[in-house]
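>>> everything below, folded, please.
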Amino acid sequence: MNFEYDALIRNNTWQLMPLPADREAIGSKWVFWVKYKPDGSLDKYKAWLIAQGFHQRPGVDYKETFSPIVKPNYDPQPKGYEQGDSSMVCKLTKAFYGLKQAPRAWYTKLMGVLQALGFSPTRSDSSLLTHFFPTSTIFILIYVDDIIIIGSSQSKINSVISQLDSQFFLNHMGALHYFLGIQVTRSAEGCIFLNQGKYVQDVLVKVGMADCKSCATPVPSTLKLSATNSPSFDDPSLYRTVVDILQYLTVTRLEIAYCVNKVCQFMHAPTKEHCDSDWGSDPDDRKSTSGMCVFLGNNFISWTSKKQSLVARFSTEAEYRSLVLAVVELIWLKESVGRASGLVAKRP
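Numbering: from 1, shown residues only. Purely as a prediction, here's the structure:
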């Protein structure tokens, strides 16, 4: 709590003043979280001061949710950190967690600082920024307030971190090893490996399958699932939760993409049966399933299994639709990988 409070004070988030007669304090609360290491051991306890943005009134506390201009909001002093007269409130000069304007305000501030440092977002992904120096390149990937910085020069990376720390209260985590449920390991040769081992274990514990046995093929490719051939599942909420979790697991697990795509099609009404291009595979609507994967050298970098939006009248049409899906992905990857690395493929 002290770390979070000190960061808010350092960033001049508010000013103490009496509450105006025509305004109401929106309120805030402390939210606590236990963070674990990739091996499951305790890492640290975290605390956030979260504004109760659901109390904000349109036209009074804000005009447009995504407006970069934050109207004055008033918040009671954080519990446990009251100073002076308890009737004094915090007039917010900056947005923080919970406010309706916070996402836009944070994005505007962060992008302004990064662009002043010479970074520019890629056209294919606004959360990926690059900075090309004469002898090196730095990449920054942003997910809300979590940032990955990589590059070919450690001195340049250190310089960027130092400049960001002068603008924000950074918590430098060192070399990347765990990010959004994905473990990152490095070999002696410098290769990077991504896996979601801890994420998988957490899922198995959540659904009571920690002692289950593995299988080489999650589901036969010839399986035809239907929305009406089996009794309803007892806990639809659990089904949807597990399927959402499995969707994120496909980030590193190519082999389950097909079966996850299948079970995703029945989230509206799951039954007990539900716990290359495939023509007319759905017995309910006869829609086909597209599948594709992309290599960069010898490495998989993208894959997907997706149900087609229209009914294909013959297998060739289904194949062409799959080809279109692959071409769209290749164009995006060309922009992301090619321009981010400074290499743009020539037209054939």
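
>>> and stretch 306-319, which residues are buried?
In terms of neighbour count (16 or more other Cβ atoms under 10 Å), stretch 306-319 has its buried residues at 307-308, 312, 317-319. For glycine as for every other residue, the C-beta is placed from the backbone atoms N, C-alpha and C.

>>> before we move on, what about stretch 76-91?
76-78, 88-91.

>>> so how far is residue 161 from the spatially most central residue of the chain?
A centroid search over the chain (Cα atoms, centre = their mean) returns residue 143, at 5.9 Å, as the residue closest to the centre. Noted for residue 143: a distance of 17 Å to residue 161, by Cβ to Cβ, to the nearest Å.

>>> return the member of the buried residues of stretch 306-319 nearest to residue 329.
Closest approach to residue 329 among the buried residues of stretch 306-319 (Cβ to Cβ): residue 308, at 14.8 Å.

>>> is it true that that closest one touches residue 321?
Yes: the pair residue 308 / residue 321 is scored as a contact, 5.3 Å apart, by Cβ atoms under 8 Å.

>>> overlap in contacts, these two.
Taking Cβ atoms under 8 Å, 6 or more residues apart in numbering as the contact rule, residue 308 and residue 321 both touch 288, 290.

>>> the residue lying closest to residue 97 once chain neighbours are set aside sits in which helix or strand?
Leaving out its chain neighbours, the residue that sits closest to residue 97 by Cβ to Cβ, 6 or more residues apart in numbering is residue 50, at 4.8 Å. Under the criterion of DSSP states H and E, residue 50 resides in strand 42-51.

>>> what's the spacing between the helix or strand following that strand and its chain's center?
With elements assigned by DSSP H and E, the helix or strand that comes after strand 42-51 is strand 73-76. Relative to the centre of its chain, strand 73-76 is centred 29 Å away, using Cα atoms, centre = their mean, to the nearest Å.

>>> check stretch 158-171 too.
The answer for stretch 158-171 is 22 Å, by Cα atoms, centre = their mean.

>>> ok, stretch 125-138 next?
With Cα atoms, centre = their mean, you get 21 Å for stretch 125-138.

>>> phi, psi for the closest residue to residue 143 other than its chain neighbours please.
Once flanking residues are discounted, residue 143 sits nearest to residue 180: 6.4 Å by Cβ to Cβ, 6+ apart. Dihedral pair for residue 180: phi 50, psi 40, per degrees, to the nearest 10.

>>> just the helices in the stretch 51-200 of the chain please.
Under the criterion DSSP state H, counting those that start in this stretch, the stretch 51-200 of the chain carries helices at the ranges 102-116, 154-167, 197-206.

>>> restrict the longest one to CA atoms and write it as PDB.
Meaning helix 102-116. Listed next in PDB are the C-alpha coordinates belonging to helix 102-116 (Å, rounded to 0.1, in the frame of the first residue of the first chain):
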ATOM      1  CA  ALA A 102      -8.400   6.700 -17.200                       C
ATOM      2  CA  PRO A 103      -7.600   4.300 -20.200                       C
ATOM      3  CA  ARG A 104      -7.600   7.200 -22.700                       C
ATOM      4  CA  ALA A 105      -5.800   9.600 -20.400                       C
ATOM      5  CA  TRP A 106      -3.100   7.000 -19.700                       C
ATOM      6  CA  TYR A 107      -2.700   6.100 -23.400                       C
ATOM      7  CA  THR A 108      -2.400   9.700 -24.400                       C
ATOM      8  CA  LYS A 109       0.200  10.400 -21.700                       C
ATOM      9  CA  LEU A 110       2.300   7.300 -22.400                       C
ATOM     10  CA  MET A 111       2.300   7.700 -26.100                       C
ATOM     11  CA  GLY A 112       3.200  11.400 -25.800                       C
ATOM     12  CA  VAL A 113       6.300  10.500 -23.800                       C
ATOM     13  CA  LEU A 114       7.400   7.600 -26.000                       C
ATOM     14  CA  GLN A 115       7.000   9.700 -29.200                       C
ATOM     15  CA  ALA A 116       9.000  12.500 -27.600                       C
END
